[in-house]
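> Sharing a model that was predicted from the sequence below.
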Amino acid sequence: MNQAIRPDTGTQALASCPLLSVIVPTFNERDNVLELFRKLDAALAGVAWEVIFVDDNSPDGTADLVRELGQRDPRGRGLRRIGRRGLSGACIEGILASSAPYVAVMDADLQHDETQLAKMLGLLQSGAAELVVGSRYIEGGSADSFNKQRAGVSALATALAKRVLRVEIADPMSGFFMIRRDRFEQLAPQLSTQGFKILLDIVATARGTLRIVEVPFTFGARLHGESKLDSMVALDFLGLLLAKFTNDIVSLRFLLFATVGSIGVVVHFLALFIALKIVGLPFPESQACGAILAMTSNFVLNNFLTYRDQRLRGLGILRGLLLFYLVCSVGLVANVGVAFSVYNQEPIWWLAGAAGALMGVVWNYAMSGLFVWRKR
Ligand code: GDD
Ligand code: MN
């Protein structure tokens, strides 16, 4: 046996690897953690299990509570992520942080039904399934806690996902499932870390190669705290559909960045017009005004929309803005350069203009991702 991994004599022997890791993404779920742990303990009697709470540095101190829990009971583990947000990304990292052959994903707020976990595990162990989905939309399941509006949105999203991505299960929008580790590890590199819908991503990415069984459950009411679902989640969802539909060629981020850029053009012309015609500034000053205003509004919109999961705050905003000015200035030189050389070959003004604009937006996008909103 390798000396390095043998436990010291006199200390407690290291626990063996659990059979099942339950991954629970959390953001401000402090009041739900202990209750969920108790319920898992009751539901998984006789199973070697652990739970990993993946917390995005919640201000309510969820991660501190999880650490205290872990000191008392090693089955309760925590993963604290700093400077990042996102349900899907948290689930992926949590799954990859364990070695258990089976992994489940469920919410912290007790809306999912932990009493189904033993049955789900049985289906995986027997080989009947490689992925078991907790489903609200099959016989025996329900989502009664939904209000009318949320039920409508959920039905629409489900129909859209099935149509566009040809996903065949009844509830691809569920956030409650269990999967074999080996199958997950194969798919993991292609999954999106943005957004809420990791199950849909897994099923769409697998393209029919996963053996899936759905088990019904009742989607309950949230125990404590508030839902984190907001209208921006819809944007992430459409982005996931688009990315999967185009085989990951078009990303939502790029599309948002380009849309923000088009808004910037409108801002530029508006500012130019006002400065020149209404305020009466000379042309060069007016043009500079337009450019600076457009870059600034692009920066603000990108910070709130395109990069909202990595949003810059405090002094980081100022630093980011200055870097963004720099990136865009170089982008403008590249834009004009490309347009000029295209025009030299083929004097078609709109073709040269479009080529330059495309060069500019691709450059700005690539460099902004590297320098302004770089992953920490
Ligand atoms: N780490 C992390 N980071 N966790 C997050 C984040 C985040 O940015 N956003 C939400 N969570 C956690 C919550 O703390 C909760 O444990 C779980 O993800 C689900 O979030 P809720 O805010 O409770 O969302 P919901 O109830 O509206 O949505 C649930 O229902 C959907 C079905 O309609 C989720 O389970 C979805 O996955 C599910 O599809
Ligand atoms: Mn919830």
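Perfect, I can see it now. Ligands and ions are numbered 1, 2, ... in the order given.

> lowest average confidence, helix or strand, in the chain?
Lowest by mean pLDDT, DSSP states H and E among the helices and strands of the chain is helix 231-245, with a mean of 81.

> And that one, how far out from the chain middle?
On the basis of C-alpha atoms, centre = their mean, to the nearest Å, helix 231-245 sits 10 Å off its chain's mean C-alpha point.

> What helices and strands are in contact with that helix?
Using 3 or more C-beta pairs under 8 Å, 6 or more residues apart in numbering; DSSP states H and E, the elements in contact with helix 231-245 are helix 148-165, helix 198-206, helix 252-273. Yep, even glycine has a C-beta here, placed from its N, CA and C like the rest.

> right, and residue 201 touches residue 239 too?
No - if you go by C-beta atoms under 8 Å, residue 201 and residue 239 don't touch, sitting 10.9 Å apart.

> so how many other residues sit close to the closest residue to residue 106 other than its chain neighbours?
Nearest residue to residue 106, sequence neighbours excluded (C-beta to C-beta, 6 or more residues apart in numbering): residue 112, at 4.3 Å. Here the number of neighbours of residue 112 (other C-beta atoms under 10 Å) works out to 23.

> Tell me how far the closest residue to ligand 1 within the stretch 251-376 of the chain lies from residue 315.
Residue nearest to ligand 1 within the stretch 251-376 of the chain (C-beta to the nearest ligand atom): residue 309, separated by 7.7 Å. Between residue 309 and residue 315 the computed distance is 20 Å (C-beta to C-beta, to the nearest Å).

> next one: residue 167
44 Å.

> what stretches of this structure score poorly on pLDDT?
1-15, 375-376 (pLDDT under 70).

> Am I right that residue 53 sits in a helix?
No - looking at residue 53 with DSSP: H, G, I helix; E, B strand; the rest coil, it is strand, so not inside a helix.

> Contact partners for residue 356?
335-340, 342 (C-beta atoms under 8 Å, 6 or more residues apart in numbering).

> And residue 178, by the same measure?
20, 102-105, 117, 120-121, 124, 131-132.

> helix/strand/coil for it?
Using three-state DSSP, the structure places residue 178 in strand.

> For the stretch 151-300 of the chain, which residues are neighbours of ligand 2?
Residues of the stretch 151-300 of the chain lying close to ligand 2 by C-beta under 5 Å from the ion are residue 222.

> Try it again at 8 Å.
Contact residues, the stretch 151-300 of the chain versus ligand 2 (C-beta under 8 Å from the ion): 222, 227-229.

> From the residues you listed, which land in helices?
Among these, no member falls in helices (criterion: DSSP state H).

> Give me the buried subset of these.
Buried by 16 or more other C-beta atoms under 10 Å: residue 228, out of these.

> Break the protein down into its domains, please.
Domain ranges of the chain: 9-245, 252-265+291-372, per automatic domain parsing.

> need the ones you listed in CSV with distance to residue 277, can you?
Output for the domains of the chain, formatted as CSV (distance: least, C-beta to C-beta, whole Å):
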stretch, distance to residue 277
domain 9-245, 36
domain 252-265+291-372, 15
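
> Please identify which residue in this structure comes closest to ligand 1.
Using C-beta to the nearest ligand atom, residue 175 is the residue of the chain that sits closest to ligand 1, at 2.3 Å.

> To what extent is that residue buried, counted in neighbours?
A count of nearby residues for residue 175, using other C-beta under 10 Å, gives 21.

> Make sure it is actually in contact with residue 104.
No - counting by C-beta under 8 Å, no contact exists between residue 175 and residue 104, whose distance comes to 10.9 Å.

> Adding distance to residue 256, write the residues of the stretch 151-300 of the chain next to ligand 2 out as TSV.
What follows is those, written out as TSV (distance: C-beta to C-beta, whole Å):
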residue	distance to residue 256
222	30
227	24
228	20
229	19
